[in-house]
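K.L.:
I'll drop the sequence and a predicted model, then ask my questions.
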Amino acid sequence: QVQLQESGPGLVKPSETLSLTCTVSGASISSYFWSWIRQPAEKGLEWIGRIYTGGSTNYNPSLKSRVTMSVDTSKNQFSLKVSSVTAADTAVYYCARVLARYNYFDYWGQGALVTVSS
Amino acid sequence: QTVVTQEPSFSVSPGGTVTLTCGLSSGSVSTSYYPSWYQQTPGQAPRTLIFNTNIRSYGVPDRFSGSILGNKAALTITGAQTDDECDYYCVLYMGNGNSVFGGGTKLTVL
């Protein structure tokens, strides 16, 4: 059974960088795409981007200038950084596996709430 | 940027049938967009229902079905149950590695 678990600081100050890690268990992280998705309170889901274990990335154009994703195959983890955060970046952040053959999210993490506040 | 459209809310009677749709602000949805559907109850992570237009994810009851109706992707729930009352999201693959979520539909069963 594939499981994903997000981890990272729950509180980030405005203008600083949000950092989250997703740890994958039950399967190798290799040879898959992995995505980050977020959801502000009482709002819809927003795709942030995806990374392949080879390192190639695709980002949401609206966030591209502030987002960086990376992968660490030795730890079976992938990570998200969002720079210059504001209150608008306050959200539950989900990591998910992408099944590239059909371009959909087949496994999801439980989500991690990140609040941007001074 | 392309906007993926969904009905903000929908209501269905218990035992009834409802079809939620997923469209584009410009253009038609086809199977080339690999439509997928996700169900989300409050406080929980989304659950995958349908992928590649009409393939049910493992363990999803067959009263959930996906299709293309006209120029939109569609999720049909047949024999709606009170447990089906939650939010539903579609996702379209835009090519070049990018995906876009619809705004979600809040389904009420009453």
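P.N.:
Structure's in. What do you need?
K.L.:
quick one: contacts of stretch A:55-62?
P.N.:
Contacts of stretch A:55-62 from elsewhere in the structure, counted by Cβ atoms under 8 Å, 6 or more residues apart in numbering or on different chains, are A:46-51, A:67, A:69-71, B:1, B:96-98. Bear in mind the C-beta positions are built from the backbone N, C-alpha and C, glycine included.
K.L.:
please redo it, this time with the cut-off set to 10 Å
P.N.:
Residues from elsewhere that reach stretch A:55-62 (Cβ atoms under 10 Å, 6 or more residues apart in numbering or on different chains): A:33, A:35-38, A:46-52, A:64-71, A:73, A:98, B:1, B:94, B:96-100.
K.L.:
where strands are concerned, which of these count?
P.N.:
In this view, the contacts of stretch A:55-62 that belong to strands under DSSP state E are A:33, A:35-38, A:46-52, A:67-71, A:98, B:94, B:98-100.
K.L.:
from those residues, keep the buried residues only.
P.N.:
For the ones in strands among the contacts of stretch A:55-62, a burial check counting by 16 or more other Cβ atoms under 10 Å in any protein chain shown picks out A:33, A:35-38, A:46-52, A:67-69, A:71, A:98, B:94, B:98-100.
K.L.:
all strands of chain A, in order?
P.N.:
Using DSSP E, the strands assigned to chain A run over residues A:3-7, A:11-12, A:18-25, A:33-39, A:46-52, A:57-59, A:67-72, A:77-82, A:91-99, A:104-108, A:112-116.
K.L.:
and chain B, by the same measure?
P.N.:
Using DSSP E, strands in chain B cover B:4-6, B:9-12, B:17-24, B:36-40, B:47-51, B:55-56, B:64-69, B:72-78, B:87-95, B:98-101, B:105-109.
K.L.:
let me know which of the ones you listed is tucked in deepest.
P.N.:
strand B:36-40 (a mean of 25; mean count of other Cβ atoms under 10 Å in any protein chain shown).
K.L.:
just to revisit the earlier point, tabulate the strands of chain B in TSV, adding columns for distance to A:Glu42 and mean pLDDT.
P.N.:
As requested, the strands of chain B are exported to TSV (distance: least, Cβ to Cβ, whole Å; pLDDT from 0 to 100):
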stretch	distance to A:Glu42	mean pLDDT
strand B:4-6	16	98
strand B:9-12	14	97
strand B:17-24	20	98
strand B:36-40	12	98
strand B:47-51	19	98
strand B:55-56	29	98
strand B:64-69	25	98
strand B:72-78	22	98
strand B:87-95	11	96
strand B:98-101	15	96
strand B:105-109	11	98
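K.L.:
so which of those is nearest A:Pro14?
P.N.:
Taking Cβ to Cβ as the criterion, A:Pro14 comes closest to strand B:98-101 out of the strands of chain B, the separation being 25.6 Å.
K.L.:
what pLDDT does the model give B:Asn96?
P.N.:
Model confidence at B:Asn96, expressed as pLDDT, equals 88.
K.L.:
mind listing what the residue nearest to the spatial centre of chain A touches?
P.N.:
Central residue check for chain A by Cα atoms, centre = their mean: the C-alpha nearest the mean position is that of A:Trp36, 2.9 Å away. Under the criterion of Cβ under 10 Å, 6+ apart, the contact list for A:Trp36 reads A:6, A:20, A:22, A:46-51, A:59-60, A:63, A:67, A:69, A:78-80, A:82, A:93-96, A:109.
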